[in-house]
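Participant: predicted model and sequence follow; I will ask about them next.
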Amino acid sequence: MRLIGKEEIEKMAIGAALLGTGGGGDPYIGKLMALQAIEKHGPVKLISAAELDDDDLVVPSAMMGAPTVMVEKVPSGEESLAAFSALEDYLGKKITATMPIEAGGVNSLLPLALAAQTGLPVVDADGMGRAFPELQMVTFYLDDINASPMVLADEKKNSIVLNAVNGMWTEKIARSATMTMGGSLLNAIYPMTGKQTKESSILNSLTLEEELGDIILNSKNPIEDLKTKLKGYILFNGKITDIERKTDGGFVRGSAKFNGINQDKDSTASLEFQNENLMCLVDGQPKCITPDLITVLDAETGMPITTEGLKFGMRVVILGMPADEKWRTDRGIETVGPKYFGYDYEYKTIEELNK
Amino acid sequence: MAYKLGIDVGGTNTDGAILDEQMNVISSFKSPTTDDIESGIKNVIEMLLDDIDFDKSEITHAMLGTTQCTNAIVTRKGLNSVGVIRTGAPAGTAVEPLYSMPDDLLSVIGENTFQVRGGHEFNGELIAELDEEKIREIAKELKGKVSSIAITSIFSPVNNEHEIRTKEIIEEIWDEEVAFSLSSEIGSIGLLERENATVLNASIIDVARKTIIGFEKALEQNGINANVYFCQNDGTLMSKEYTLKYPILTVACGPTNSLRGASFLSDFNNAIIVDIGGTTTDIGVLNNGFPRESSLSVELGGVQTNFRMPDIYSLGLGGGTIVQIKNNDFQIGPDSVGYRLPAEAKIFGGDVLTVTDIAVAKGVLDLGDRTLVEDLNTRLVDEIYEEILKMIERSIERMKTSAADVPVILVGGGSALIQGDIEGASEVVNPGNGGVANAIGSAISDISGEVEKIYNIDPGERENTLAEIKKIAINEAVEAGADKDKTEIISFEDVPLAYLPGNATRIKVKAAGPLRK
């Protein structure tokens, strides 16, 4: 167990933007919520999964709905508290720890605000090791852990306990409830035992976020150090020559094109994204495919750039890194691989593609 | 004849220009900006008046573009104490008002913040009824404590009735005068950034008042009896009444004036403008004669905001930028000798190698004593000059939205440093008078009117409704002093709101025209 204060949160927010692989929602609001909660209630206890007892009750918490609504209707901070107490009532059991559902973007920081308020420890783990757009795109799902019973709670103190039969119904019901409740809300989801948490989550993600943030802020050579830390590959050095985006069913789909500079000056690259970066091709050949991670970094500072932040003329480095082994199973690839997102490519690991 | 006087107060220089009715530049001068600003303005006016051969009573319009409000925010000087009210609770309490503001700013404006039940959802429904009783209590508590009040309601860009009602309640209770800043009139969606911008606006009300009085006094002491206008950062003018309400709109009017002045001098309406100063080069984009607005949030004096700003890329490269040579390697900037160039640059007998020295050594510029830089290795000079051009080319590329070549216009005191082709430019223009483009930009500014609202548009009525809204914007501009016959719509945006029932569309229209004679 160690304590997380404001300085660690600042670093985690930067690391979360990197692991957000272009999407995940801006960690800014989550960061401010965590900072304010820590200022009021004191630091957060971060524990490793190994410190959990097998019969502990661990419940992740996340926001649902439109990030654009959340930046205007900032949460009250009471939503997750209400969601947790409703779930405890329903299950007849005390929750012993919380954790983020994803390591990228705004959702990686919200559980820290909740933990500061409740005194619950946060498990140093998550369900994606990155960011993905849909509720079932978590490693818990791969091990058949049910998202239900889940609770949706808004700032007006409404809460709904939801028992959905499968992921499709969870998604359908939760989406329409979100709209009715004002476009953005917080949930308590995927209740798990300590044993399940140890087996089914991706470990040490918050510490990794913090380390990545530290490299970006303090390293003399951030891109090289990030690559080493993440066992990654520099897929391309280039400048952006074209960006296409369209909004389609709540997702921003699009692609960006790059002309090479320095050692890549005779090559071109393209990046396909749907909220998150999903595929990178160099001279028409795939070099990194989802679920492996692709992040675009500012060539000078190493700061991660979101898909919305991509602009013509920027000089960038495209960094690819291997996904957790949990995603590289048949079921993992079926859930978050290229075919699911509509790309006609077979998944190959980044190691294989960059031999 | 009716003449116009344009003044632009920058960080280093105060520029002035006088234009006639046909917009010919009759006279222009530069004078150092003074600590009190006012005497710098007065100095430039005196220089201009000495130079002209017509009677000063023929100066009918005077325009001021000034950094005073920006400076006040950055230096935390002369700011109002601000009462900050947010309606929207129970939403929003997870991040309190002013939470991310720097401590030194808070110590000046105070921490009088309140969160009240109220606010709206994205679709205009209520989050909660407005707690009017609480607002009455706050009004009593703030009385005598603050001189300016900032009001922000959740989703007020969709529905601002709680902001307006809050203001009314306070007005009922206070008898003394107080300035109100409503967030719906200042920023767009994004609660914390909009609230911050509103608080900053509230904090510079007194500074704006002093600026206005100072400018009027400087004119009066020189016997000029003209209508005064102030430059906004979108390249149009506002009246002094409007300036008192929305002083934040003057922030960054300097780069805007320079862009507009460059457009006027070069006759280009669509181009990239490169303004090369002593310390930085500011690069902006002209779209139909007006600056392109930034789409990202803007930091001002350490505060995140989201009000409109021209999209300017600032590069640490100017005439005074220091060049360091080590063995056969070199580094350009980011440090600069700034206004000490005439004392410290090699060509003037100093011992600091600057970008200006390189330009002289390269032979593109004839300035100072060239023999003082003759000992520089010519190949190295070529390489450094090449890199200077590359730095500018890369920044131009950053600002372009497509790969096509565009005209590039060079202005500013350092524009003479650049000669030769620029990659990505269809042509490079270096107009005369480029040194005082700011002041000219201020003098030629149009007057504008703006409407931004959510309308429910019936499918068959679309054309009629839009025409009606455009008419309202034009009327606003005309009422503010624009020439009715020459006022036209300069920007139009309609964004259908996907989540809203019916055909709700957010419409933003801006009209602008030259000043009525």
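Facilitator: Perfect, I can see it now. Numbering: from 1, shown residues only, chains lettered A, B, ... in the order given.

Participant: just give the number of residues close to residue A:325.
Facilitator: Residues lying near residue A:325 (other C-beta atoms under 10 Å in any protein chain shown) number 10. Heads up, the C-betas are built off the backbone N, CA and C, glycines and all.

Participant: what do you get for the one 3 residues further on?
Facilitator: The local packing of residue A:328 (other C-beta under 10 Å) involves 15 other residues.

Participant: need the contact list for the nearest residue to it once chain neighbours are set aside.
Facilitator: Nearest residue to residue A:328, sequence neighbours excluded (C-beta to C-beta, 6 or more residues apart in numbering or on different chains): residue A:349, at 6.7 Å. By C-beta atoms under 8 Å, 6 or more residues apart in numbering or on different chains, the contact list for residue A:349 reads A:292, A:322, A:328.

Participant: thinking the first one is in contact with residue A:324, fair?
Facilitator: Right, the one you point to is residue A:292. No. Judged on C-beta atoms under 8 Å, residue A:292 makes no contact with residue A:324 at a distance of 9.9 Å.

Participant: of those two, who's got more company?
Facilitator: residue A:292 (27 against 20).

Participant: hey, where'd the helices end up in the chain?
Facilitator: Looking at chain A here, since you left the chain open. Taking DSSP state H as the criterion, chain A contains helices spanning A:6-19, A:28-41, A:67-70, A:79-91, A:110-118, A:139-142, A:167-180, A:194-200, A:205-218, A:222-229, A:330-336, A:350-353.

Participant: sorry, I should have been clearer: chain B.
Facilitator: In chain B, the helices defined using DSSP H lie at B:38-51, B:68-75, B:103-109, B:132-142, B:161-173, B:191-203, B:205-221, B:240-245, B:253-266, B:341-344, B:355-362, B:378-399, B:437-443, B:462-479.

Participant: of the ones you listed, which is nearest chain A?
Facilitator: helix B:378-399 (4.0 Å; C-beta to the nearest C-beta).

Participant: any bit of the closest one sitting next to chain A?
Facilitator: Yes. Helix B:378-399 comes into contact with chain A (C-beta under 8 Å from any C-beta of the partner chain), by way of B:394, B:397, B:398, B:399.

Participant: domain parsing for chain A?
Facilitator: Per the record, chain A has its domains at A:2-205, A:222-353, by automatic domain parsing.

Participant: how long is the longest one end to end?
Facilitator: Distance between the boundary residues of domain A:2-205 (C-alpha to C-alpha, to the nearest Å) amounts to 14 Å.

Participant: same check, this time on stretch B:133-149
Facilitator: Start-to-end, stretch B:133-149 (C-alpha to C-alpha) is 18 Å.

Participant: about what we covered before: got the phi/psi numbers for the residue nearest to residue A:328?
Facilitator: Residue A:349 adopts backbone torsions of phi -70, psi 160, taken as degrees, to the nearest 10.

Participant: and it, how far from residue A:270?
Facilitator: 20 Å (C-beta to C-beta, to the nearest Å).

Participant: count the neighbours of the residue of chain A found nearest chain B for me.
Facilitator: As assessed by C-beta to the nearest C-beta, chain B sits closest to residue A:77 within chain A, at 3.4 Å. Using other C-beta under 10 Å, residue A:77 has 25 other residues around it.

Participant: got the residues of chain B near chain A?
Facilitator: B:88-96, B:99-100, B:119, B:121-123, B:125, B:127-128, B:154-155, B:189-192, B:296, B:394, B:397-403, B:499.

Participant: restricted to strands, list these.
Facilitator: Counting by DSSP state E, the residues of chain B next to chain A place B:88, B:89 in strands.

Participant: so among the residues of chain B next to chain A, which ones count as buried?
Facilitator: Buried members of those, counted by 16 or more other C-beta atoms under 10 Å in any protein chain shown: B:88-96, B:99-100, B:119, B:121-123, B:127-128, B:154-155, B:189-192, B:397-400.

Participant: that older thread, among the helices of chain B, which is nearest residue A:238?
Facilitator: Residue A:238 lies closest to helix B:378-399 among these, at 12.4 Å (C-beta to C-beta).

Participant: wait, residue B:230 touches residue B:61, no?
Facilitator: No. In this structure, residue B:230 is not within contact of residue B:61 by C-beta under 8 Å, at 12.0 Å.

Participant: comparing those two, which residue is more hemmed in?
Facilitator: residue B:230 (28 against 21).

Participant: so what pairs up with that one in the strands?
Facilitator: As for beta bridges, residue B:230 partners with residue B:64, residue B:238 under DSSP bridges.

Participant: who touches it in this structure?
Facilitator: B:63, B:64, B:65, B:66, B:211, B:212, B:237, B:238, B:239, B:240, B:243, B:250.

Participant: how much space between it and chain A?
Facilitator: Using C-beta to the nearest C-beta, to the nearest Å, one gets 30 Å for the distance from residue B:230 to chain A.

Participant: tally up the residues packed near residue A:89, please.
Facilitator: By the other C-beta under 10 Å criterion, the neighbourhood of residue A:89 contains 11 residues.

Participant: how about the residues of the stretch 101-250 of chain A by chain B?
Facilitator: A:113, A:155, A:156, A:157, A:179, A:182, A:183, A:239, A:241, A:242.

Participant: I'd like the contacts of residue B:230 as JSON lines, with pLDDT and neighbour count appended.
Facilitator: Formatted as JSON lines, those follow (pLDDT from 0 to 100; neighbours: other C-beta atoms under 10 Å in any protein chain shown):
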{"residue": "B:63", "pLDDT": "93", "neighbour count": "26"}
{"residue": "B:64", "pLDDT": "94", "neighbour count": "28"}
{"residue": "B:65", "pLDDT": "92", "neighbour count": "32"}
{"residue": "B:66", "pLDDT": "87", "neighbour count": "25"}
{"residue": "B:211", "pLDDT": "90", "neighbour count": "26"}
{"residue": "B:212", "pLDDT": "92", "neighbour count": "19"}
{"residue": "B:237", "pLDDT": "90", "neighbour count": "26"}
{"residue": "B:238", "pLDDT": "87", "neighbour count": "23"}
{"residue": "B:239", "pLDDT": "85", "neighbour count": "16"}
{"residue": "B:240", "pLDDT": "88", "neighbour count": "18"}
{"residue": "B:243", "pLDDT": "91", "neighbour count": "23"}
{"residue": "B:250", "pLDDT": "90", "neighbour count": "26"}
